[in-house]
Each structure stands twice: as structure tokens, then as C-alpha cells.
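Student: quick one, what's the 3D model for this:
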Amino acid sequence: MKVFMKRRGLKMTSMTSLISGLFRQRNRNVYLATGISLLVLLVTAGYTLLHGLSLSNIGGDYGVIMTLAMIAMLFILAVQNERVWTHNSYRLIPISDTKLYIGNMIATILSFIYFSVIQIVILIICNIGSYSVFGSISNHELLVLSSGSLMFILSFTFVWVFISMVNLILKSIAAFLPEIRQRLFRVLISLGVVVVVLYIFNTIEGFFGKFALQSHSLNFNGSADINLRISEVFGVGTLYFAVIIVIMSLINIYLLEHWVETKTTTN
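Tutor: Reported below is the predicted structural model:
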């Protein structure tokens, strides 16, 4: 285990060192994804220039690249997240499973925020000649931006926590059921996952749909009222995600402590 941790630059004997080590580990993929994004941007710009076109829309092009990069990073971080739950080089660290779970999730969230900030900076640079709005952002608009960003981060956190819950349930089942029954339960759980995901997205869609209908029927006194209303919606959405994340995290920690065993290899 010490060799494994040393090879990855990890020295995790406390919550802070755990988060720091996992954060550095995940940032290798952050830099790799950023490099690939910039490479795609350069190829896009070169293709545009070779065809005698203007680079005036390069910011919009990078907006698409950034969206795809963030979706890819969502799943890359999910994979790294899941490795921690069953790899004995992590589970044998002298720290409780609760702290391991919380530290792992915090490191994943911080890495995604770091990646997002890098991407947004690049996007701003690509649009440097067309952005005049940043000098005139009102307090109400800043509130919308802040509440929307928080809900965006929590929505991604929900995905990671939900994936972990499904994975840990499957690992728990595999610990005491024969192979044939494992397959049956995996099918049932997969169907249950589909139902839960559809229910959650239907609830979210209904929530925002209700807001849209209410917005048409309300008389707003300028953009300030609209921004306040949007920030309220983002606030409720943030609370909704936060409650679900806490509930699922408690389930995950219970499964991690009582049912999920580590792998037998350190490779």
C-alpha cells in the first residue's frame, strides 16, 4: 500500500491530506482534458482560417467544445470516484470510511470546479472582443449567476453520488448472492435506476415548467424582479439537490462501512 501511495504522490493520514492527495491525482485528468480542449480549439481555428472564414465566432465554437469537455469530465471524475470505494490501497488508509467518502467527494467537486474555472477563463479570452457585459453586472444578476452556479455544481454532485449508490448496492449484492441471482438483481436494479432517473428529471422538468407558467402570469417590475424570481427558483433547486445528495450519501456511507469489501489486489 505504501508503494502504491508513494507512486501516486499520496500521503493520506488525515482528512486534509486525503482531499489534497485525491485533488492532485484528479487534476492530471483536468490538465489533460484542458490540453485536448485547446488542441481542438486550435484545429477549429486553423480549419476556419484555411477556408478564408472569420474567427469572430471562435467564442461560440469554444462554447461547444467546453460543453463537451465538461460532460466528458463528469464521467471521468465518476470513474475515479468509484475506484476509491473498492481499491484496498484507499480503503486501508488509516481513516474512517465516512471521512474517506466525504473527502473523496470533496476532492471530486473541487477538481470539477477547478476545471470549470479554467474552461470559463479560456471562454472569456476567446470572447474578449465581444464581452462588454462584465462591467455592468448588477447585484441581482450576480445573485442569479451565483445561485445558478451552485445548483449546477450540485446537479453534477448528484450524478456522482447517484452513480456511487448504484455501484455500492451492486457491490453489496455481489458479496453474498450467487452468480445467477446477482444477474437477476442487477437487472432489477437497472430497471429501478431508470425509473428513479426518469422520476427525478420529470420532477425537475415539472418544477421549471411550473415556474415558466407562473412567469407568464406575473407582472414583473423590470429585470430586477425577473432576476430575483430566477434566483429563487435556483435556490429551491439547490435545496432539492442538497437534500437528495445528503440522503443518498448516508446510504452510501452505510453500505461502504458494512457491506462493501475491498479488492484483493493493489495493482
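
Student: which parts of this structure are helices?
Tutor: Along the chain, counting by DSSP state H, helices occupy 2-7, 15-50, 58-86, 88-91, 97-126, 139-176, 179-217, 223-258.

Student: grab the nearest non-local neighbour of residue 29.
Tutor: Leaving aside its chain neighbours, residue 29 sits nearest to residue 76 (5.3 Å; criterion: C-beta to C-beta, 6 or more residues apart in numbering). C-betas here are computed from N, CA, C, even on glycine.

Student: pretty sure the one you found contacts residue 33?
Tutor: Yes. Contact criterion C-beta atoms under 8 Å: residue 76 and residue 33 qualify, at 7.1 Å.

Student: and the pLDDT at the residue nearest to residue 29?
Tutor: For residue 76, the pLDDT comes out at 95.

Student: that one - how many residues pack around it?
Tutor: 19 (other C-beta atoms under 10 Å).

Student: please apply the same query to the one 5 residues further on.
Tutor: Applying the criterion other C-beta under 10 Å, we find 22 residues in the vicinity of residue 81.

Student: who are the contact partners of it?
Tutor: Residues near residue 81 by C-beta atoms under 8 Å, 6 or more residues apart in numbering: 104-105, 108, 160, 163-164.

Student: I figured residue 249 hits residue 101, correct?
Tutor: Yes. Using C-beta under 8 Å as the test, residue 249 is close enough to residue 101 to be in contact (7.0 Å).

Student: so for those two, which residue has more residues nearby?
Tutor: Between residue 249 and residue 101, counted using other C-beta under 10 Å, residue 101 has the larger neighbour count: 23 against 18.

Student: re earlier: what's the most distant pair in the contacts of residue 81?
Tutor: Spatially, the most separated pair among these is 104 and 163, at 12.6 Å (C-beta to C-beta).

Student: among those two, which residue is more densely surrounded?
Tutor: Applying other C-beta under 10 Å to residue 104 and residue 163 shows that residue 104 carries more neighbours, namely 24 against 17.

Student: contact partners for the more buried one?
Tutor: 18, 22, 81, 84.

Student: tell me how far the residue nearest to residue 29 lies from residue 53.
Tutor: Separation of residue 76 from residue 53 (C-beta to C-beta, to the nearest Å) stands at 32 Å.

Student: again with residue 238
Tutor: Distance from residue 238 to residue 53, by C-beta to C-beta: 41 Å.

Student: so which of those two has more stuff around it?
Tutor: Neighbour count, other C-beta under 10 Å: between residue 238 and residue 53, residue 238 has more, with 19 against 10.

Student: okay but that one is in contact with residue 147, surely?
Tutor: Yes. Using C-beta under 8 Å, residue 238 makes contact with residue 147 at a distance of 6.6 Å.

Student: in the stretch 151-267 of the chain, where is pLDDT below threshold?
Tutor: Of all residues in the stretch 151-267 of the chain, those with pLDDT under 70 make up the ranges 175, 177-182, 204-205, 207-225, 262-267.

Student: what are the contacting residues of stretch 154-161?
Tutor: 74, 77-78, 81, 105, 108-109, 112, 238, 241-242, 244-245, 248-249, 252.

Student: show me which of the residues you listed are buried.
Tutor: Among these, those classed as buried by 16 or more other C-beta atoms under 10 Å are 74, 77-78, 81, 105, 108-109, 112, 238, 241, 244-245, 248-249, 252.

Student: pick the one among the residues you listed closest to residue 228.
Tutor: Distance to residue 228, by C-beta to C-beta, is smallest for residue 238 among the buried ones among the contacts of stretch 154-161, at 15.3 Å.

Student: can you tell me which residues contact that closest one?
Tutor: Neighbours of residue 238 in contact, by C-beta under 8 Å, 6+ apart: 147, 150-151, 154.
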